[in-house]
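Asker: Have a look; sequence and predicted model below, questions after that.
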Amino acid sequence: MTEAVRLESVTKSFAATTAVDDLSLSVPRGAVYGFIGPNGSGKSTTLRMIMRILHPDRGRVFVLGDDVTQAQAASDRVGYLPEERGLYRKMRVYDILKFYAELKGRRVTHQQIDQQLARVDLAGVGTRLVEALSKGMAQKVQFLATVLHEPELLVLDEPFSGLDPVNMEVLRDVILDHKRRGATIIFSTHDMDVAEKMCDFVFMIFKGRKVLDGTLAALKEQYGRDTIRVRLEGNGVSFLDLPGVERVNDYGQLQELRMAHGADAQVVLRELAARGRVQHFEIASPTLHDIFVRIAGPSAISSDKAPAAATV
Amino acid sequence: MRKAWAVARREYRSNVRSKAFVVGVFLMPVFMTGSILVQYFVEKRGDKSVKKVAVIDRSGRLFGELAKAAQERNANDVFDPETKRQIEPTYELIEIKPEEDHRAQLMDLSEKAMFDQYFAIVEIGDDIFGSSDSQPAGFRYYSNKGTYRDLPEWLSFAISDRVKAMRFAEAGLDMGVVRKALTPVEIERYGLMSRTAAGDIREAEAANAAVSFIKPFLVLMMMFMLLMVAVQPLLHGVLEEKMQRISEVLLGSMRPFELMLGKLMGHAFVAVTLLGIYAAGGYVVALYYGKTDMIDPSLVGWFVAFLVLAIFMYGSMFLAAGSACNELKEAQSLIMPVMFPMIVPMFFIAPILRDPSGSLATALSIFPLTSPMLMTMRKAMEAPVPIWQAPVAIAGCIAVTLLCVWMAGRIFRVGLLMQGKAPRFSQMMKWAVRG
């Protein structure tokens, strides 16, 4: 079996709202799979169904070959970091890590724990009480609790939220270590930059429905090279009424222009050169961020119907 | 099951190591013996004041005798029989001549008593020697210290003793003869005769108030205390896990039912540990006084069985309530219906002590929600419980416990992931039924 996780037409409702609507998904083994989507779009619900914390109303969920909607889950081979996380405040770091490993059927020694702690720059905190740790330290301890038993599948809900850039890099490196070890990694994130740099596959859910699913390259291919990034000397150049340009994202120093279907970039370049001195001109694919906003931006959110799925 | 054990171990360790547990183990006996000792010493230290009593004797014949009785008491009866130190107050009787306007006189004396010039005022009517059957003659005692019982009791005894003596004298009877004739007959109380293991008849033992009243009472209180020790932290624990967002991490590793089972097992062990500590302490004390035969091993067995069942029964309900709430205040109102069967036995201590084999005692000690406390209490009493009753109570208790654990497990599963407003009792029942 080459799939780590497979969802087959999964639906889950809470009272009147449908959190996940007829969702199918296949995560290959060894992949880094990024879940993106606006708040409340069904990411956490999907992850919880994979973890067998929630049961789908309809459809089936397979994890590491086991049908978790039917019987015993493979939870010992999975590590789960929920979005909202916490530790027992009155426990020592050693004890809490041992306890979580024990829940996964593993016995770990203090030596093993020390090694792992050192890996995330927490050497020597083993005997400390959780309540004596800073927020960032506690978050790293929590992460270790998730991976200490070397799971085959890592399910991480917003693993980087609230971390400073240094800790974020530490965590990213550890996650990638586990990928090299052969583990499959599914994580959700709001940071498109992270998703773009780390993920083999990106999956976007919006209003409970799948709207993107595929490799980053394929996704970008699908949207085509319809984006122009320009920088002009001096300010005060107007970007209004450029021929063939649908939308302008003005970042101040840099402008991103989205071209209408079939428009010619050369025409835009000539027009810009007429308006000012062009320092930088690049024809590119849209960023993941841009794709996200196109799908889930204010105009999309106000419309009742979710956009059609764009699966590659 | 392996995961449930891991949870049980964690719960046990974190509870037994907690300050509250250690403090509880040592402080409980310290408080109990302490409060007894304090009372004992306060009693010992005694009250050496002089209590002045204004006496208006309208009969004109009693005051002299009464003053003599007070002097006798002050000279002989206010000392500790062993240490010979004064431990009781002396009474000083002051004669007040009766005046025409007796209401004004009493008002005047009352004002003085108000400023502690007198402790109390006694008014003896001139009809005190009259002995009509319909209305016994009396005397009046005025005081604003109604809770002080010793003085009025002594006065009542002394006055009626002197009045009786004078009545006998008037009737020409010899007081000594009459006293002898009026000596009351005393009751001697025993338990039942029984046979030893060898079949010989064993003499009945003199009934001991300590054994027949204090033992069942202590057993009941002990059960109640251990239940609270075990069950309260369950509620706090599950609320902590919810508020600290630990629940979801745990649910990622195990089924909710395993989690609940682990918690219940852990806290049952905590309670049994505590019981073990007290039982060992009790055994050492009994050994010291050579009273080890007062300890009944089968009672300990029943106690442990009912204790563990009760922890699972009430504890699962506490967990269900805790899982459905986000703060202690909400949970406390939800557990009221669960607390009720734990409190109810307290109201029935007296009737059950009075009639341990009656229908009320039998019914309540078999009814599964109250049986853990009341059946163990009956087992601690002298009147034997019919042999079938305890096993029936246990069986009923097991059945209800299984039902409670099953229902609580279903509420627990839904409740743990719930945020926001706490559900109503009826909603929780719906979760339990629908799952």
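Answerer: The structure has been received and is ready for your questions.

Asker: For chain B, which segments are assigned as strands?
Answerer: B:50-57, B:90-96, B:120-124, B:139-142, B:194-195, B:201-202 (DSSP state E).

Asker: I'd like to know which of those is closest to residue B:326.
Answerer: The closest of these to residue B:326 is strand B:194-195. By CB to CB, the value is 57.8 Å. Yep, even glycine has a C-beta here, placed from its N, CA and C like the rest.

Asker: strand partners of the closest one, parallel vs antiparallel please.
Answerer: Using DSSP bridges, strand B:194-195 pairs in its sheet with strand B:201-202 (antiparallel).

Asker: Please give the centre-to-centre distance between the partner strand and its chain.
Answerer: Averaging C-alpha positions (CA atoms, centre = their mean, to the nearest Å) puts strand B:201-202 34 Å from its chain's average.

Asker: residues in contact with it?
Answerer: If you take CB atoms under 8 Å, 6 or more residues apart in numbering or on different chains as the criterion, strand B:201-202 is touched by B:193, B:194, B:195, B:196.

Asker: try it again with 6 Å
Answerer: B:194, B:196 (CB atoms under 6 Å, 6 or more residues apart in numbering or on different chains).

Asker: what's the answer for stretch B:346-358, then?
Answerer: B:360, B:361, B:364, B:378, B:381, B:383.

Asker: re earlier: could the strands of chain B go into TSV alongside mean neighbour count?
Answerer: Shown next, in TSV, are those (neighbours: other CB atoms under 10 Å in any protein chain shown):
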stretch	mean neighbour count
strand B:50-57	20
strand B:90-96	17
strand B:120-124	22
strand B:139-142	16
strand B:194-195	10
strand B:201-202	10
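
Asker: tell me the residue furthest from the middle of chain B?
Answerer: residue B:100 (52.2 Å; CA atoms, centre = their mean).

Asker: what's the helix or strand for residue A:25?
Answerer: In the assignment (DSSP states H and E), residue A:25 maps to strand A:17-28.

Asker: Partner strands of that strand, with direction?
Answerer: strand A:3-14 (antiparallel).

Asker: tell me which residues in the partner strand are buried?
Answerer: By neighbour count with 16 or more other CB atoms under 10 Å in any protein chain shown, strand A:3-14 contains the buried residues A:3, A:4, A:5, A:6, A:7, A:8, A:10, A:12.

Asker: Could you give the separation of that strand from the chain centroid?
Answerer: On CA atoms, centre = their mean, the centre of strand A:3-14 falls 17 Å from the chain's centre.

Asker: ok, and what's touching it?
Answerer: Residues contacting strand A:3-14 (CB under 6 Å, 6+ apart): A:19-27, A:29, A:45, A:50, A:56-63, A:153, A:184.

Asker: Please repeat the previous calculation with a cut-off of 7 Å.
Answerer: With contacts defined as CB atoms under 7 Å, 6 or more residues apart in numbering or on different chains, strand A:3-14 is touched by A:18-29, A:45, A:49-50, A:54, A:56-64, A:153, A:184, A:186.

Asker: In ChimeraX, how would I select the buried members of the residues you listed?
Answerer: Those of the contacts of strand A:3-14 that count as buried under 16+ other CB under 10 Å are selected in ChimeraX with:
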select /A:19,20,21,23,25,26,27,45,49,50,54,56,59,61,62,63,64,153,184,186
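
Asker: Please export the C-alpha coordinates of stretch A:231-245 as CSV.
Answerer: What follows is stretch A:231-245, C-alpha atoms only, in CSV (Å, rounded to 0.1, in the frame of the first residue of the first chain):
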residue,chain,number,x,y,z
ARG,A,231,9.4,47.8,-10.1
LEU,A,232,9.5,51.3,-11.5
GLU,A,233,11.9,54.1,-10.5
GLY,A,234,10.3,56.7,-8.3
ASN,A,235,6.8,56.8,-7.0
GLY,A,236,3.8,58.3,-8.4
VAL,A,237,3.5,56.1,-11.5
SER,A,238,-0.1,55.2,-12.2
PHE,A,239,-0.9,51.5,-12.7
LEU,A,240,-4.5,52.4,-13.6
ASP,A,241,-6.0,51.3,-17.0
LEU,A,242,-3.1,49.1,-18.1
PRO,A,243,-4.1,47.2,-21.2
GLY,A,244,-4.9,43.5,-20.4
VAL,A,245,-4.4,43.8,-16.6
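
Asker: Cool, thanks, talk later.
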